[in-house]
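Novice: what's the 3D shape of this:
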Amino acid sequence: MPELSETDASGEIAAIYAEIRRLWAVPYVSSMQRHLATRPGWLEWVWTALRPAFASGRAQEAAWRAADGLEVPPLDPISRDALRVWDVDAAGERVIRTVCQAFIRVSPVNLVFSGLLQRLLQGERPHGPGLDTSAWQPPPALARLPEMVDPAGQSTHERAVMLSLATVMADQPFVPGLYRMLARWPRFLGHVATVLPPRLDRAAAGGLSLSLCERIDALIPAIFSELPPPPVEPPVPRSSEFASVLDALATYRTTSPEMVIAGRLIADALPSSETAPETAFA
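Specialist: Sure thing, here's the model as predicted:
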């Protein structure tokens, strides 16, 4: 799916991106919002309507509570020696842990974002009493993350491993950002691509992804009902685009729960962080 990168964003889009990074408490903007930004007027319209739910912290706190307690079947522990064999040094180990934390944090919030957006696309408009956006403060932002690896720059085998973790969006392979960041360590990603899919299949078969979606879905009506009418509503995007956006949201509904589960599985399999140094990647 086309995306507007954070480095290419300007004007109002850049300002929205900055707010999303601050309110989600992660150092990047997800592909969902980056894709909306490629459609003229879309991100501006959506953010004007939905911003109070996130500026107040109402959406984030509810999303994080919904994801808490999700019991995930664990991966076998990974030794620090194995990480070093896979070219993951002490600094890389810390970054991988932070990458996992970022997707665990952001993915439930994106599920709320997509659920609220679906209501807009179904013709509903905010008319609630409003939310207090003056008091809530997001948690400290996570450290800077590595750039996502471009498959075009990978070797044939590296690209095949990363694409084995892809899903399909608009008839094209879509590799979630978690895997594209971990592709910085191709040997480590090779291990992940071997052991993770069976666990994800078990999680799906056990209803974990569906359970998280259902928990989030149950939150959407109350949150939407509290949204106030925007003081000035930007022009509504063309209705002819609604179906393709809904299709994209359906894919994110699949990948977002996967990112919560995968992030937890990988993070929990890493060695204890107690002896890992407080360093950043080069």
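
Novice: for this structure, what helix or strand is lowest in average pLDDT?
Specialist: Using mean pLDDT, DSSP states H and E, strand 167-169 stands out as the lowest-scoring helix or strand of the chain, at a mean of 76.

Novice: Any chance you could list what contacts the following helix or strand past that strand?
Specialist: Moving toward the C-terminus from strand 167-169, the next helix or strand (DSSP states H and E) is strand 172-174. For strand 172-174, the surrounding residues in contact (CB atoms under 8 Å, 6 or more residues apart in numbering) are Met1, Leu163, Ala166, Thr167, Val168, Thr251, Thr255. The way it works is simple: take the backbone N, C-alpha and C, and place the C-beta from them, glycine included.

Novice: now the helices for the stretch 101-250 of the chain?
Specialist: Assigned by DSSP state H, counting those that start in this stretch, the helices in the stretch 101-250 of the chain fall at 156-163, 177-182, 186-205, 208-226, 242-269.

Novice: Quick one: neighbours of Asp87, just the number.
Specialist: 12 (other CB atoms under 10 Å).

Novice: Before we move on, what's the pLDDT of it?
Specialist: With respect to pLDDT, Asp87 has a value of 97.

Novice: need the contact list for it.
Specialist: Trp185, Arg187, Phe188.

Novice: go on, Trp86?
Specialist: Contact partners of Trp86, counting by CB under 8 Å, 6+ apart, are Trp185, Arg187, Phe188, Gly190, His191.

Novice: got those residues as CSV, with pLDDT and neighbour count columns?
Specialist: Listed next are the contacts of Trp86 as CSV, based on pLDDT from 0 to 100; neighbours: other CB atoms under 10 Å:
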residue, pLDDT, neighbour count
Trp185, 98, 22
Arg187, 97, 15
Phe188, 98, 22
Gly190, 98, 16
His191, 98, 20
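
Novice: Tell me the one of those residues nearest Pro146?
Specialist: Pro146 lies nearest to Trp185 out of these, by CB to CB, at 9.3 Å.

Novice: wait, doesn't the closest one sit right on Glu93?
Specialist: No: applying CB atoms under 8 Å, one finds Trp185 not in contact with Glu93, separated by 9.6 Å.

Novice: and stretch 142-156, average pLDDT?
Specialist: For stretch 142-156, the per-residue pLDDT averages 92.

Novice: What residues of it count as buried?
Specialist: Leu142, Ala143, Leu145, Pro146, Met148, Val149, Pro151, Gln154 (16 or more other CB atoms under 10 Å).

Novice: quick one: contacts for the most centrally placed residue in the chain?
Specialist: For the chain, the residue nearest the mean C-alpha position is Ser107 (3.7 Å; CA atoms, centre = their mean). Counting by CB under 8 Å, 6+ apart, Ser107 touches Ala67, Ser256, Pro257, Met259, Val260, Gly263.

Novice: nearest residue to the second one other than its sequence neighbours?
Specialist: So that's Ser256. Once flanking residues are discounted, Ser256 sits nearest to Ser107: 4.3 Å by CB to CB, 6 or more residues apart in numbering.

Novice: quick one: that neighbour and Val260, what's the gap?
Specialist: Ser107 sits 5 Å away from Val260, going by CB to CB, to the nearest Å.

Novice: still on that earlier bit, of the contacts of Trp86, closest to Cys100?
Specialist: Nearest member of those to Cys100, counting by CB to CB, is Phe188, at 12.1 Å.

Novice: Would you mind listing the buried residues in stretch 163-180?
Specialist: For stretch 163-180, by 16+ other CB under 10 Å, it's Leu165, Ala166, Met169, Phe174, Val175, Pro176, Gly177, Leu178, Tyr179, Arg180.

Novice: Stretch 35-43 now?
Specialist: Applying 16+ other CB under 10 Å to stretch 35-43 flags His35, Leu36, Ala37, Arg39, Trp42, Leu43 as buried.

Novice: cool, and stretch 23-30?
Specialist: Buried residues in stretch 23-30 (16+ other CB under 10 Å): Leu23, Trp24, Ala25, Val26, Tyr28, Val29, Ser30.

Novice: isn't the second one right up against Pro138?
Specialist: Yes: contact criterion CB under 8 Å: Trp24 and Pro138 qualify, at 7.4 Å.

Novice: what's the overlap in contacts for those two?
Specialist: Gln60.
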